[in-house]
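J.: Predicted structure and sequence below. I'll ask about it afterward.
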Amino acid sequence: MGRAGIHKISRLLVLANRLPVHRVGRERDARWVPSAGGLVTALQPVLQRVRGCWIGWTGIGGDTPRAFRHDGVIIRPVAVSEQEVEDYYHGMANQTLWPLYHDATRTPEFRRDWWRSYLGVNQRFARAAANLARRGDVAWVHDYHLQMVPRLLRRSQPNLKIGFFLHTPFPPEELFEWLPWRSQILTGLLGADVVGFQTVGSARNFSRLAREYTSAEGTDQELAFEGRTIYVNAFPISIDTEWWEERAQRPDTLRKVQEIRKRIGPKRKILLAVDRLDYTKGIDFRLQAFEELLMSKKASSRDCVLVQIAAPSRESEKDYSQLRAKIERTVGRINGQFSAPGRVAVHYFRKNLTREDLAAYYLAADVMLVTPLRDGMNLVAKEYVATRTDNTGVLVLSQFAGAARELTRALIVNPRDIDQMTKSILQAMRMPYEEAAARMSILRMRVRRHDVYLWAEHFLQALTS
Ligand code: ADP
Ligand code: G6P
């Protein structure tokens, strides 16, 4: 990793809603284990290389343990009351901003009490960072939960370097305009020195909206606002490529791969999907495409099997419990019709796996299906590619994932076009080795050249130069 951006930093203060660890077990048996999701997965390796402090929420209402050190990183929990969990997290973050920023895949709700709570929690995060900040520190604020923090923190620490990175898409004008608090949110983000997005499209949406709804002036990449200059750009996030490559070649991983293949049926093509159980991931459309493929008789459960690994997520929210019920009904229906003794058509696991086990599944899969309806980046697509060190395997990728901008040699699909999905799955299953290898080697080049360290380096360089 080049260090031009990082060596200038005495300490990095990361602010993100979720801490990188959460507590399991009670009282004396309690221990801290890594949290799931793209944001945490991406930032954790970065914090191993620079002195850091992570300011965030434990995931439990009313729970505020004292600051502690975990894996070399200082963890500074921020209190979020049970009422705030309802209003700020389940409400404003998950039922207003999340769906709105993902093409309004579900109808966003707009509630003033949620907004007030959002402001309150953002103020608390800003205060926690202001109290910790020392000369030379850099604050890096993450994601849609904390969009007001850059401005609030700037007020009390006018000279602090503040960066903001959005892990989700930033929506186009016609959606963002729905927000009753659109100007406040834009002004909140303009408190940063660098505002980063996953794609050029998102960065452009932001700059245009800032010029329209605030007094900011300038270009898509540089805005002048209240006497400061704000740099806006795309910084596509990535993965710890070396870790996945190394892991994929270890004898214990290869043993696990053999075990998976033996259990699932060594002669069947394994189609794999790995997602948080979220409506933006298109799991229901993907199952429909697989079902139609089996119905068409162009493939059967003798030739192929779908393994869907779904990490439980936001389960107390209605949209999520409804989606889960729908997925489980569909899996039941497909298996009822197409499975035979010893030959299940869809293996569905609703659980979190370790990264080590995930690597084995990636390596066992002939075809990887990453077909979200909208996704900021999608790290799963990059992780799959990184493990395919022998250039085998085919990636089917939604055009609506940020990753599709970089992984252009995947089989690109529109996840709502079931006919095209079915055709592409079949094409992936039947792709001759030479073509698959040619595609995969180009995909691998991209993730090898552009890993998560380079992502952090680029962002922090922009922030500290
Ligand atoms: P999102 O940020 O929306 O969850 P990403 O694909 O960008 O989506 O990131 C998801 C991260 O969570 C990846 O690093 C992936 O390995 C991990 N992950 C996804 N599903 C599981 C699972 N079932 N078990 C363990 N880790 C998972
Ligand atoms: C996405 C978001 C993250 C979030 C993660 C898990 O990756 O960009 O900010 O932490 O999903 O969601 P949760 O609501 O459980 O934190």
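T.: Okay, I see it. Ligands and ions are numbered 1, 2, ... in the order given.

J.: and the residue of the stretch 101-250 of the chain found nearest ligand 2, how many neighbours does it have?
T.: Distances between the stretch 101-250 of the chain and ligand 2 by C-beta to the nearest ligand atom are smallest at residue 167, namely 3.8 Å. Every C-beta, even on glycine, is put in place using the N, C-alpha and C of the backbone. By the criterion of other C-beta atoms under 10 Å, residue 167 has 23 neighbours.

J.: for residue 262, same thing?
T.: Residue 262: 9 surrounding residues under other C-beta under 10 Å.

J.: show me what contacts residue 210?
T.: Applying C-beta atoms under 8 Å, 6 or more residues apart in numbering, we find residue 210 in contact with 186, 189, 190, 216, 223, 225.

J.: my bad, residue 80
T.: Per C-beta under 8 Å, 6+ apart, neighbours of residue 80: 57, 61, 62, 88, 89, 121.

J.: Can you classify the fifth one as helix, strand or coil?
T.: Per DSSP: H, G, I helix; E, B strand; the rest coil, the local secondary structure of residue 89 is helix.

J.: do the last one as well
T.: In three-state terms, and counting by three-state DSSP, residue 121 is helix.

J.: thought it was touching residue 84?
T.: Yes. The pair residue 121 and residue 84 passes the contact test of C-beta atoms under 8 Å, sitting 5.6 Å apart.

J.: and those two? which has more neighbours close in?
T.: Neighbour totals were compared for residue 121 and residue 84, and residue 121 leads with 26 against 22 (other C-beta under 10 Å).

J.: excluding its backbone neighbours, what's nearest the more buried one?
T.: Nearest non-adjacent residue to residue 121, counting by C-beta to C-beta, 6 or more residues apart in numbering: residue 88, 4.5 Å away.

J.: Could you check how many residues crowd around the one you found?
T.: By other C-beta under 10 Å, the residues close to residue 88 number 26.

J.: Wait, it touches residue 114, no?
T.: Yes. With contact defined as C-beta under 8 Å, residue 88 reaches residue 114; the gap is 7.0 Å.

J.: hang on, residue 134 in a strand?
T.: No. If the criterion is three-state DSSP, then residue 134 is coil and not within a strand.

J.: can you pull out the strands in the stretch 151-300 of the chain?
T.: In the stretch 151-300 of the chain, the segments counted as strands under DSSP state E, counting those that start in this stretch are 161-165, 194-197, 217-218, 222-225, 228-234, 269-276.

J.: from those, which stretch is densest packed?
T.: Mean neighbour count (mean count of other C-beta atoms under 10 Å) peaks for strand 194-197 among the strands of the stretch 151-300 of the chain, with a mean of 26.

J.: Up against ligand 1, what does this protein have?
T.: 36-38, 41, 274-276, 309, 311, 352-353, 358, 377-380, 383 (C-beta under 6 Å from any ligand atom).

J.: now the helices for the stretch 251-400 of the chain?
T.: 251-264, 283-295, 318-338, 355-364, 379-387 (DSSP state H, counting those that start in this stretch).

J.: Please indicate which of the residues of the chain next to ligand 1 are buried?
T.: Buried residues within the residues of the chain next to ligand 1, counting neighbours by 16 or more other C-beta atoms under 10 Å: 36-38, 41, 274-276, 309, 311, 352, 358, 377-380, 383.

J.: just curious, which of those residues is nearest to ligand 1?
T.: Scanning those for proximity to ligand 1, where the rule is C-beta to the nearest ligand atom, the winner is residue 38, at 2.6 Å.

J.: Next, give phi and psi for the residue of the chain positioned farthest from its centre.
T.: In the chain, the greatest distance from the average C-alpha position (C-alpha atoms, centre = their mean) is reached by residue 341, at 37.0 Å. Reported as degrees, to the nearest 10, the phi and psi values for residue 341 are phi -50, psi 130.

J.: Quick check: it vs residue 293, distance?
T.: 22 Å (C-beta to C-beta, to the nearest Å).

J.: what about the closest residue to ligand 2 within the stretch 351-465 of the chain, neighbour count?
T.: Nearest residue of the stretch 351-465 of the chain to ligand 2, counting by C-beta to the nearest ligand atom: residue 376, 6.5 Å away. Using other C-beta under 10 Å, the number of residues around residue 376 comes to 27.

J.: Wait, it touches residue 171, no?
T.: No. Contact criterion C-beta under 8 Å: residue 376 and residue 171 do not qualify, at 11.3 Å.

J.: helices or strands up against the lowest-mean-pLDDT helix or strand in the chain?
T.: The weakest-scoring helix or strand in the chain, judged by mean pLDDT, DSSP states H and E, is helix 38-47 (a mean of 80). In terms of contact count using 3 or more C-beta pairs under 8 Å, 6 or more residues apart in numbering; DSSP states H and E, helix 38-47 is assigned the packing partners strand 11-18, strand 52-57, helix 379-387, helix 452-464.
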